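In: using only what follows, build the 3D model:
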Amino acid sequence: MGRRRLSEVGCPTPYAIEYGGAFSFPTPPDDVWSGIEHLERFETWWSWLREFCVEGPGLEAGTVLRGVVIPPLPYRMRIRVALLECVRPRRIEAAVHGDLEGHARLVLEPQGDGTRVDVTWTIEMMQLPMRVAARLAPRLLRWGHDRVVESTVASFRSRLRDVRRDEDQ
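Out: Next up is the predicted model:
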């Protein structure tokens, strides 16, 4: 039958990670969105991101983000994230390609004086070593994935304070 891709079958394969998480930020959606717009800072914010570049006008549909993701496991993933829809300050829809294939969504909603950010994605691992790891050590693979998510959120919270401070000066 050959290698099935997530996009071809419309449902996860054993090589896919489905993720959903909700995170609270103490600033309103416009401020969170403004922080995300600082694409030029991403590589300095996150130690797991290398060779990052932006093709396009920024946080708008049609922009493509490219980079190498280095989780705390012995592999690297080259990815291309195509922004499909960006509705300020509400939602980002993206297609993920490369060593990962899938779809991602980020939704910002007011939560009191702050913001609730819901993130979801379904990504399929395309590299053979990752596919083998998905079969033999799925918990280890999920652990690496979750460490990248945790460090990203913690770092973004910290950087968001820095961005707000920079913009207030």
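In: next, count neighbours for Trp46.
Out: 19 (other C-beta atoms under 10 Å). Where C-beta positions appear, they are placed from N, C-alpha and C, glycine not excepted.
In: for it, phi and psi?
Out: Backbone geometry at Trp46, expressed as degrees, to the nearest 10, gives phi -120, psi 120.
In: likewise Met126?
Out: Note on Met126: its backbone torsions stand at phi -100, psi -20 [degrees, to the nearest 10].
In: what sits against it?
Out: Residues in contact with Met126, defined by C-beta atoms under 8 Å, 6 or more residues apart in numbering, are Tyr15, Gly98, Asp99, Leu100, Glu101.
In: tell me what the second one is bridged to.
Out: Meaning Gly98. Ile79 (DSSP bridges).
In: same question, the one 5 residues further on
Out: His103 forms beta bridges with Ala95, Thr122, as assigned by DSSP bridges.
In: from Val81, how far out is it?
Out: Counting by C-beta to C-beta, to the nearest Å, the gap from His103 to Val81 is 10 Å.
In: what's the weakest-modelled helix or strand in the chain?
Out: helix 6-9 (a mean of 42; mean pLDDT, DSSP states H and E).
In: any idea which helix or strand comes after that helix?
Out: strand 16-25 (DSSP states H and E).
In: buried residues in that next one?
Out: Ala16, Ile17, Tyr19, Phe23, Phe25 (16 or more other C-beta atoms under 10 Å).
In: and that strand, what does it pack against?
Out: Here strand 16-25 is seen to pack against strand 114-125, helix 138-168 when contacts are counted using 3 or more C-beta pairs under 8 Å, 6 or more residues apart in numbering; DSSP states H and E.
In: could you dump those to JSON lines with mean neighbour count?
Out: Below are the helices and strands packed on strand 16-25 laid out as JSON lines (neighbours: other C-beta atoms under 10 Å):
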{"stretch": "strand 114-125", "mean neighbour count": "19"}
{"stretch": "helix 138-168", "mean neighbour count": "14"}
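In: columns mean pLDDT and distance to Arg76 on top of these, output as JSON lines?
Out: Putting these into JSON lines (pLDDT from 0 to 100; distance: least, C-beta to C-beta, whole Å) gives the following:
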{"stretch": "strand 114-125", "mean pLDDT": "95", "distance to Arg76": "12"}
{"stretch": "helix 138-168", "mean pLDDT": "82", "distance to Arg76": "12"}
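In: for Val68, which of the ones you listed is the nearest?
Out: helix 138-168 (12.5 Å; C-beta to C-beta).
In: for stretch 87-96, measure first residue to last.
Out: 18 Å (C-alpha to C-alpha, to the nearest Å).
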